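Colleague: model the structure of this input:
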Amino acid sequence: MENLNTPFKKNNIFGLGISELLTLILWFGIIFLTWYFMHGADHFLQLTQAAMEKYFRVKYILILHITAGGGALISGPPQFLKSLLLYSPKIHRALGYLYLLAVLGSSFTAVILSFTTAYEVNWPYAFSLQVWVSVWISASFIAFRAAIKKQFLQHKQWMVRSYMVTIAFVISALILKMPIMARVGNMSEVSPSIFWFAWSVPLYVYQIILSRKIKA
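Modeller: Modelled structure (predicted):
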């Protein structure tokens, strides 16, 4: 278990470690991307049939999914700042609860969407979303359970996995916006493969990194 009382080594003039600065840079980038994609969904706020199309019958579910998803994206990175944890475990814990509540709201609504409107695209599209959200819920629950049991190393590792699945939504959206994807196929054909790739490959790479640390 990681000793939280171990002095934190500072490597720069701002009093933060290099990894912490990288986390902050990543966080600001995620904030921008979250704003970008949520801004692109502003038209849904009109709550009209013309604006929401197939989502009109689940309009409030969709709004909650997008809002809570944005909250999960933004509240995740600060939890990985060790200096914040050492400074105030209460703030770390509060951010953790905020993140988990956001995941709960977004994932619950994602389940509803994946079993309703997703089938209007096709079966592979819906199934890929169902598996994706199942991994998201389970990883987040295991992270929460580990924290409750004070298994802090396992908690940290599962929080990393949970956030990898969270940020996969941004990764998949960015990939699908690439011009080359239009030449590969239409959205209904390409999306399922991109969905699988966005979360499974990062998790696989992370597991390799963990296994190498164990051997070392």
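Colleague: max-length helix in the protein?
Modeller: Longest helix of the chain, by residue count under DSSP state H: helix 187-215.
Colleague: how about that helix: buried residues?
Modeller: 190-192, 194-196, 198-200, 202-203 (16 or more other C-beta atoms under 10 Å). Yep, even glycine has a C-beta here, placed from its N, CA and C like the rest.
Colleague: ok, then the element right after the helix or strand harbouring Leu101?
Modeller: Per DSSP states H and E, Leu101 falls inside helix 89-114. Per DSSP H and E, the first helix or strand lying C-terminal to helix 89-114 is helix 123-148.
Colleague: can you tell me which residues contact Phe144?
Modeller: 96, 100 (C-beta atoms under 8 Å, 6 or more residues apart in numbering).
Colleague: next one: it from Ser138, what distance?
Modeller: Phe144 is 11 Å from Ser138, where distance means C-beta to C-beta, to the nearest Å.
Colleague: Ser172 now?
Modeller: Distance, Ser172 to Ser138, by C-beta to C-beta: 19 Å.
Colleague: higher neighbour count, those two?
Modeller: With neighbours defined as other C-beta atoms under 10 Å, Ser172 and Ser138 compare such that Ser172 has more, 20 against 15.
Colleague: which residues are in contact with the host helix or strand of the more buried one?
Modeller: Counting by DSSP H and E, the element that carries Ser172 is helix 152-176. Helix 152-176 is touched from outside by 1-2, 4, 30, 33-34, 37, 69, 72-73, 76-77, 79-80, 96, 103, 132, 135-136, 139-140, 142-143, 146-147, 181, 187, 190-191, 194-195, 197-199, 202-203, 206, 210, with contacts defined as C-beta under 8 Å, 6+ apart.
Colleague: check which residues of that helix are buried.
Modeller: Across helix 152-176, burial judged by 16+ other C-beta under 10 Å covers 154-172, 175.
Colleague: again, but for stretch 26-36
Modeller: The neighbour-count check on stretch 26-36 (16+ other C-beta under 10 Å) flags 27, 30, 33-34 as buried.
Colleague: from these, which land in strands?
Modeller: Using DSSP state E, no member of the buried residues of stretch 26-36 falls within strands.
Colleague: just checking, which of those residues belong to helices?
Modeller: Using DSSP H, these in helices are 27, 30, 33-34.
Colleague: just for this structure, where's the confidence low?
Modeller: 1-17, 214-216 (pLDDT under 70).
Colleague: which residue would you name as the spatial centre of it?
Modeller: For the chain, the residue nearest the mean C-alpha position is Thr166 (1.2 Å; C-alpha atoms, centre = their mean).
Colleague: give me the distance from stretch 50-63 to the chain's centre.
Modeller: Averaging C-alpha positions (C-alpha atoms, centre = their mean, to the nearest Å) puts stretch 50-63 22 Å from its chain's average.
Colleague: quick check: end-to-end length of that stretch?
Modeller: Start and end residues of stretch 50-63 are separated by 16 Å (C-alpha to C-alpha, to the nearest Å).
Colleague: ditto for stretch 106-122
Modeller: Span of stretch 106-122 from end to end, C-alpha to C-alpha: 22 Å.
Colleague: okay, buried residues for that stretch please.
Modeller: Of the residues in stretch 106-122, 106-107, 109-114, 117-118, 121 count as buried by neighbour count, 16+ other C-beta under 10 Å.
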